[in-house]
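**Student:** kindly return the folded structure for what I paste below:
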Amino acid sequence: MTIDGATFARDTPAQVESVWGDGSRSLWAKGEPLMIAKPDGVGGTTIAQQLALAVAGIRPPTLLGYPITPDPERRVLYLALDRPRQAARSMRRMVGEGDRALLEQRLVVHEGELPFDLVAKPERLLAFAQEQNAGTVIIDSLKDLADKLSDEAAGQAINRALQLCVAAGVEVLALHHQRKTQGDNKTPNKLSDVYGSRWLTAGCGSVLMLWGEPGDPIVGLTHLKQPGDEVGPLTLLHDNRAGTTTAQGAVDVVDILGAGATPLSAKDVAQKLFATSDPNRLEVEKAKRKLATAVEEGRAERLDVPDGQAALWGVRIGGTDGYGSTSAGQGTDTPYTPGGGGGPHPRVRGRGAGGGRRAPMSPTLTPLVLPPTAPRTRSAIGRNASAPAGRPRANRQRRDPAMRTARMASTPRTCT
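**Tutor:** Modelled structure (predicted):
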């Protein structure tokens, strides 16, 4: 299809349109294939089947706290290529006898090998979906489409098959596997950890990685490739009896800001977001992007800080931003100064007269407790020398030239 430049550039929605997601936080964008990479036994089929049933309008249109857009006018084509009997038992947990009519109308399943060679004829996947009046294709899994997924020709053929589908308005989700772990790479966390030709991920708008031990009900989800803002990382809990999955401890940057006693830097936020005391540069940059999005959405505000100081962010609460238990008319407009100063309740400078209530805290979020500043003591020797209380004597002497000089002068020396 050929269109003019104005239609292409200006008539496209500014926000990501999602099959699964909310605004810029999209896990599966319309018109862009989704890949879920994972090892065996961590619930990839469970998640794919929940998505299939939700798109078909058989299950509630939400998963992991993010909305799903149903397509009740067209069917979902589920390609149970990998162990179809086990896949059938998995889906049986999720539906009841009362769902039989909808299952017959809105879901069609192909068991086992495809009736065509997709690598030789990539256009056949779209034709197969259209024969079934399918608006969504779920591939479980890619390893059963070709013998050598690491082969560039196979990767290009599979990518072409997926692109032909989405270009015709047929959404695609594909399950896949990660590379074998290496000695220094125990947890896959980048696109290169996905097995096979680079063309497999290159054509996907979103790539999710599940990780955990086989059969473990608690697994991790990482958003390796995003059509908008990154989602997660998330900790997922599988209910193996009901066939449901929930996100545990999903933390938003605004929750982290609201739990803090003072405005926070991007590094402070990254520490909580990625559960590490020493976030790397990439994690800090990801935290900055999430904070920038929260500012654009009007849920947070970036503070003015002196030159040379790390940027700080705080929660915006209903147009009058605050930290601490300030009430209307009692807030302070004195800017927060890192290291001291400001009013009795350091807060984001708001547009209203008062502070406001603290932002509601996520029930699963552990409040961020900042360590108190250690008291300072002055040394008996040297008016300008100070050190935190409790510092070892030898360390104080190394930092205090006056103390070191006095000790050397008072120590008797013997020449031999």
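
**Student:** any weak-confidence spans in the stretch 101-250 of the chain?
**Tutor:** The stretch 101-250 of the chain contains residues with pLDDT under 70 at 181-186, 249-250.

**Student:** all helices for the protein, in order.
**Tutor:** Taking DSSP state H as the criterion, the chain contains helices spanning 5-10, 44-55, 84-92, 100-106, 124-131, 152-167, 198-202, 253-259, 266-273, 281-296, 393-399, 401-410.

**Student:** I'd like to know the average pLDDT value across stretch 258-270.
**Tutor:** Per-residue pLDDT values across stretch 258-270 average out to 84.

**Student:** residues near Ser197, how many?
**Tutor:** 21 (other Cβ atoms under 10 Å). Yep, even glycine has a C-beta here, placed from its N, CA and C like the rest.

**Student:** let's have the helices of the chain in a markdown table, adding distance to Leu64.
**Tutor:** As requested, the helices of the chain are arranged in a markdown table below (distance: least, Cβ to Cβ, whole Å):
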| stretch | distance to Leu64 |
| --- | --- |
| helix 5-10 | 33 |
| helix 44-55 | 8 |
| helix 84-92 | 18 |
| helix 100-106 | 22 |
| helix 124-131 | 26 |
| helix 152-167 | 23 |
| helix 198-202 | 21 |
| helix 253-259 | 16 |
| helix 266-273 | 17 |
| helix 281-296 | 17 |
| helix 393-399 | 49 |
| helix 401-410 | 58 |
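
**Student:** nearest to Thr187, out of those helices?
**Tutor:** helix 281-296 (14.0 Å; Cβ to Cβ).

**Student:** break this protein into its domains for me.
**Tutor:** 14-248, 251-371, 376-402 (automatic domain parsing).

**Student:** for those, give me a markdown table that also has distance to Asp4.
**Tutor:** Output for the domains of the chain, formatted as a markdown table (distance: least, Cβ to Cβ, whole Å):
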| stretch | distance to Asp4 |
| --- | --- |
| domain 14-248 | 18 |
| domain 251-371 | 30 |
| domain 376-402 | 68 |
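
**Student:** take the helices of the chain and write them to TSV, including mean neighbour count.
**Tutor:** Output for the helices of the chain, formatted as TSV (neighbours: other Cβ atoms under 10 Å):
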stretch	mean neighbour count
helix 5-10	8
helix 44-55	24
helix 84-92	14
helix 100-106	14
helix 124-131	18
helix 152-167	19
helix 198-202	19
helix 253-259	24
helix 266-273	23
helix 281-296	17
helix 393-399	13
helix 401-410	13
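
**Student:** select, out of these, the one closest to Arg179.
**Tutor:** Of all the helices of the chain, helix 198-202 sits nearest to Arg179, with 11.9 Å by Cβ to Cβ.

**Student:** contacts for the closest one?
**Tutor:** Residues outside helix 198-202 that contact it (Cβ atoms under 8 Å, 6 or more residues apart in numbering) are 35, 142, 149, 152, 155-156, 158-159, 176, 191, 194, 207, 225.

**Student:** ok, stretch 226-233 next?
**Tutor:** For stretch 226-233, the surrounding residues in contact (Cβ under 8 Å, 6+ apart) are 16, 21, 23-27, 29, 32, 66, 205-206, 220-223, 250, 274, 286, 289-290, 293.

**Student:** give the buried subset of those as a PyMOL selection command.
**Tutor:** Buried residues among the contacts of stretch 226-233 (16 or more other Cβ atoms under 10 Å), as a PyMOL selection:
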select buried, resi 16+21+24+25+26+27+29+32+66+205+206+220+221+222+223+250+274+286+290+293
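
**Student:** restricted to strands, list the contacts of stretch 226-233.
**Tutor:** 21, 25-27, 29, 66, 206, 220-223 (DSSP state E).

**Student:** which of the domains of the chain sits closest to Ile3?
**Tutor:** Evaluated over the domains of the chain, closeness to Ile3 peaks at domain 14-248, with 12.7 Å, by Cβ to Cβ.

**Student:** from the middle of its chain, how far away would that closest one be?
**Tutor:** 17 Å (Cα atoms, centre = their mean, to the nearest Å).

**Student:** any idea how far the closest residue to Leu125 other than its chain neighbours is from Leu224?
**Tutor:** Nearest residue to Leu125 in three dimensions, chain neighbours excluded: Ala161, at 4.3 Å (Cβ to Cβ, 6 or more residues apart in numbering). The gap separating Ala161 from Leu224 is 21 Å, by Cβ to Cβ, to the nearest Å.

**Student:** just Leu210 next, same as before
**Tutor:** 11 Å.

**Student:** now the common contact residues for these two.
**Tutor:** In contact with both Leu210 and Leu224: Ala37, using Cβ under 8 Å, 6+ apart.

**Student:** since that was my last question, I'll sign off now.
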